[in-house]
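>>> Everything below, folded, please.
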Amino acid sequence: PQYRAEMLKFSVHLELATQVNKAFNKKLELCTRVEQNLVTGVDEDEQKIKDYIGQIASVLVDRSVGMDNKLRCLMLLVLATDGLKPDELQQLFDTGNIPYTHRGAIMNLELFGATVDSAAAGKSKKKKIKRLPREPEFKLSRWTPMVKDIMEEAIKNRLTADDFPAT
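Below you'll find the predicted structure:
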């Protein structure tokens, strides 16, 4: 009787963990792995990604992957590579069976200042901010937002006036 309440809590916890594991299926793991590789530029073994398009192909050809996941991966690819050639982008749209009504989501990244068409953009002169080295806790969550690095440097008073002028 004295352990009944604790056993009930434990069984509820176990049931919740089981449901979460069911929700995190192999397709979600595939998308997450590709996303992490794209945004970090390295794979799980810290090897530099050489073939970005090859990374995303497995997500695009998989019919069980939803359209929103395919579009998100395509957006990350465009951002990670600083744009794609129009024929490459068209081929990716066709490979993923991306409808014309959804392709605008990728093209509209230019409205946010991203380069979508690498052939038309020329060389990018974006200033690269040095990222702080981090040891990831989990292989599927290796990327950290740049704002975290900036805030940590601001706390330590190590931001340069050239990179971050006072306004």
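>>> In the chain, where's the longest helix?
Using DSSP state H to define each element, the chain has its longest helix at helix 4-23.
>>> What average pLDDT does stretch 157-164 get?
Stretch 157-164 comes out with an average pLDDT of 76.
>>> Any idea how far it is from the middle of the chain?
27 Å (C-alpha atoms, centre = their mean, to the nearest Å).
>>> Let's see that stretch as PDB, backbone CA atoms only.
What follows is stretch 157-164, C-alpha atoms only, in PDB (Å, rounded to 0.1, in the frame of the first residue of the first chain):
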ATOM      1  CA  ASN A 157      32.700  42.100 -22.400                       C
ATOM      2  CA  ARG A 158      34.600  40.700 -25.400                       C
ATOM      3  CA  LEU A 159      32.500  42.000 -28.300                       C
ATOM      4  CA  THR A 160      34.400  44.300 -30.700                       C
ATOM      5  CA  ALA A 161      33.000  47.700 -31.700                       C
ATOM      6  CA  ASP A 162      33.700  46.900 -35.300                       C
ATOM      7  CA  ASP A 163      31.400  43.900 -35.300                       C
ATOM      8  CA  PHE A 164      28.800  45.300 -32.900                       C
END
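>>> Now do the contacts for the one residue sitting closest to the centre of the chain.
Nearest residue to the geometric centre of the chain (C-alpha atoms, centre = their mean): Glu35, 3.6 Å. Residues near Glu35 by C-beta atoms under 8 Å, 6 or more residues apart in numbering: Arg72, Cys73, Leu76. C-beta here means a position set from N, CA and C on the backbone, and glycine is covered the same way.
>>> From Val20, how far off is it?
Using C-beta to C-beta, to the nearest Å, we find Glu35 at a distance of 19 Å from Val20.
>>> likewise Asp163?
From Asp163 across to Val20, the span is 41 Å (C-beta to C-beta).
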